[in-house]
Every structure is written in C-alpha cells, then in structure tokens.
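S.K.: can you look at this prediction? I've put the sequence above it.
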Amino acid sequence: RCLERGVFCSLDDLKTALEDWIKVWNSNAKPFKWTKTADQIIDRICRYCSRISGPAH
C-alpha cells in the first residue's frame, strides 16, 4: 500500500520509505498465522503456473 500511494523520484526515496514502513510494522509485529497447508499453497502455485504458461500468454 505504501508503494501504490507514493511517487518516488529516486531509489533512495523508495528505500527510505520502505525502511520507515518496516520500522513501523515491526514495532507492532504479530505472528503470521497460515490458513493453508504447504501442500495447498504449492498446489495453487502449480495450477497458476500452468494457466499462465499456455500459448495465450
């Protein structure tokens, strides 16, 4: 979200914005709770890769 709202004139500006966001995020960090198993995630990625690797893409 921080990237889609910002206009960055240089890589340094982008880097600074990302580092600031990381500091804010980490100050209130919460553990990420996975809602799918690794097998479900890998299966979804494989299906997606199959779809985008067809002749229409």
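M.R.: That came through fine.
S.K.: okay, CA-based contacts and neighbour counts for the rest of this
M.R.: Fine.
S.K.: mean confidence score for stretch 19-33?
M.R.: Mean pLDDT, stretch 19-33: 89.
S.K.: and it, end to end?
M.R.: Terminal residues of stretch 19-33 are spaced 24 Å apart (Cα to Cα, to the nearest Å).
S.K.: now find how far off-centre that stretch is within its chain.
M.R.: For stretch 19-33, the separation from the chain centroid amounts to 14 Å (computed by Cα atoms, centre = their mean, to the nearest Å).
S.K.: show me what the lengthiest helix in the chain is packed up against.
M.R.: Counting residues, the longest helix in the chain under DSSP state H turns out to be helix 11-27. The elements that helix 11-27 packs onto, with contact taken as 3 or more Cα pairs under 8 Å, 6 or more residues apart in numbering; DSSP states H and E, are helix 2-5.
S.K.: how far does stretch 40-49 sit from its chain's centre?
M.R.: Chain-centre distance of stretch 40-49: 16 Å, with Cα atoms, centre = their mean.
S.K.: name the residues that touch that stretch?
M.R.: Stretch 40-49 has contacts (Cα atoms under 8 Å, 6 or more residues apart in numbering) with no other residue.
S.K.: mind checking the SS state of Cys49?
M.R.: Recorded secondary structure, Cys49: helix (DSSP: H, G, I helix; E, B strand; the rest coil).
S.K.: quick thing: my sequence starts at 36, can you match it?
M.R.: New numbering, starting at 36: the last item is Cys84.
S.K.: quick one: it from Ala73, how far?
M.R.: From Cys84 to Ala73 the distance is 16 Å (Cα to Cα).
S.K.: now do Ala64
M.R.: Relative to Ala73, Ala64 is positioned 23 Å away (Cα to Cα).
S.K.: just Arg86 next, same as before
M.R.: According to Cα to Cα, Arg86 stands 20 Å off from Ala73.
S.K.: now do Phe67
M.R.: Using Cα to Cα, Phe67 is found at 14 Å from Ala73.
S.K.: next one, pLDDT for the residue in the chain sticking out farthest from the centre please.
M.R.: Within the chain, the residue lying farthest from the chain centre (Cα atoms, centre = their mean) is Pro90, at 27.0 Å. Looking at Pro90, its pLDDT reads 72.
S.K.: distance of it from Thr51?
M.R.: Taken as Cα to Cα, the span from Pro90 to Thr51 is 41 Å.
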